[in-house]
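Peer 1: Make a model of this:
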Amino acid sequence: MAGASKKNRATGSANAITADLVAVLVAVTDGEPKIMTIANDGALPSGPFEFAHRSLQTGLRSWVEAQTGHPLGYVEQLYTFADRGRAGDATSPHSISISYLGLTREDKVGQGFEAHWSGWYEYFPWEDRRAGVPASLAKTLASRLRAWAKSAETTSLQRERWQRAAITFGLDDREWNEELVLQRYELLYEAGLIPEAVRDGISAAAVIPGRPMTGDHRRILATGIARLRAKIKYRPVVFELMPAEFTLLQLQRSVEALAGRLVHKQNFRRLIEQQQLVEETGAIAADTVGRPAKLFRFRHGVLAERAIAGTKLPLSRT
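Peer 2: Numbering: from 1, shown residues only. Okay, here's the model as predicted:
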């Protein structure tokens, strides 16, 4: 009986499922998107859901404040990941990751906290197209994806792999879709071109640039970036990331930073004016070079209109 009891306990432990609460906290500073990280910039703020937590969000807020000293404002749930074998340790208990997206403004991390603000393009250099296709990746990425496609066993599978790569990464003169962040990351994982794939046992000849993260955290970050890139086209969420007063150029640069591509200046300003999203403050920016720039603020009336269809900030393209 004692032996059976021990065996049952061992089986129960092996079948146990834990839940991690993970936060993607985004800020934009000086035209660059930032995320809050911990563990030497190798992880997102996170912690296990515990019995003492009244709710998932309560647990998330508790962990984030304990690790970063940064109180959470509005957050929304992103996605729940439950795939086995994506944490780098096949012997560990099965864990699900419940992720959230929060928008904030960068502030100084208090002494004694392990948190740090990191640029999100350090983790996804291929996603920044503001200056065109990154030169260091242009040839390397395409050639390694083509080699992966050709490594398939059949001609039809080779064609299918390359078509996926071309559509996802905008190759063969296809249009780049900035929202396919997660699909690009997953394709690179499948092709064994990122460190997380090597860690999880997928063979690879060489990996491409981009900082890895613990467990599934870079995958979760990709999901957060994709969600935000989609939302800035139909909701004025970018104003959550702006200071109380800003110039139109600062607003444009923030949108471009999040989208990873440039917008047409005149069209962008016309859209802002037509949708009456901002209003002049009557002040002039003191730190501008050349022609003085007017300061604007988010129009308070829009706060009550956010849920109304048509209140949007679409991404204009050159």
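Peer 1: If you tally nearby residues, what's the number for Glu240?
Peer 2: 17 (other Cβ atoms under 10 Å). All C-beta spots, glycine's among them, are computed from the backbone N, C-alpha and C.
Peer 1: For it, which non-adjacent residue is closest in space?
Peer 2: Leaving aside its sequence neighbours, Glu240 sits nearest to Leu103 (Cβ to Cβ, 6 or more residues apart in numbering; 4.0 Å).
Peer 1: Check Thr281 too.
Peer 2: Nearest to Thr281 is Leu295, by Cβ to Cβ, 6+ apart, at 4.6 Å.
Peer 1: Tell me both backbone torsions, phi and psi, for that neighbour.
Peer 2: phi -100, psi 140 (degrees, to the nearest 10).
Peer 1: mind listing what the residue nearest to Glu240 touches?
Peer 2: By Cβ atoms under 8 Å, 6 or more residues apart in numbering, the contact list for Leu103 reads 25-27, 73-74, 228, 237, 240-241.
Peer 1: Show me what it is bridged to.
Peer 2: Beta bridges link Leu103 to Val26, judged by DSSP bridges.
Peer 1: In space, what's closest to the most centrally placed residue in the chain - neighbours in sequence excluded?
Peer 2: By Cα atoms, centre = their mean, the chain has its centre lying nearest to Ile225, at 2.9 Å. Setting aside the residues directly before and after it, Ile225 is nearest to Val181 in space (Cβ to Cβ, 6+ apart), at 4.7 Å.
Peer 1: same check, this time on Ile98
Peer 2: Leaving out its chain neighbours, the residue that sits closest to Ile98 by Cβ to Cβ, 6+ apart is Thr80, at 5.0 Å.
Peer 1: ditto for Arg144
Peer 2: Nearest non-adjacent residue to Arg144, counting by Cβ to Cβ, 6+ apart: Leu193, 5.7 Å away.
Peer 1: Now do the contacts for Arg227.
Peer 2: Contacts of Arg227 by Cβ under 8 Å, 6+ apart are 78, 101.
Peer 1: Now do the phi/psi pair for it.
Peer 2: When quoted as degrees, to the nearest 10, the phi and psi of Arg227 stand at phi -60, psi -50.
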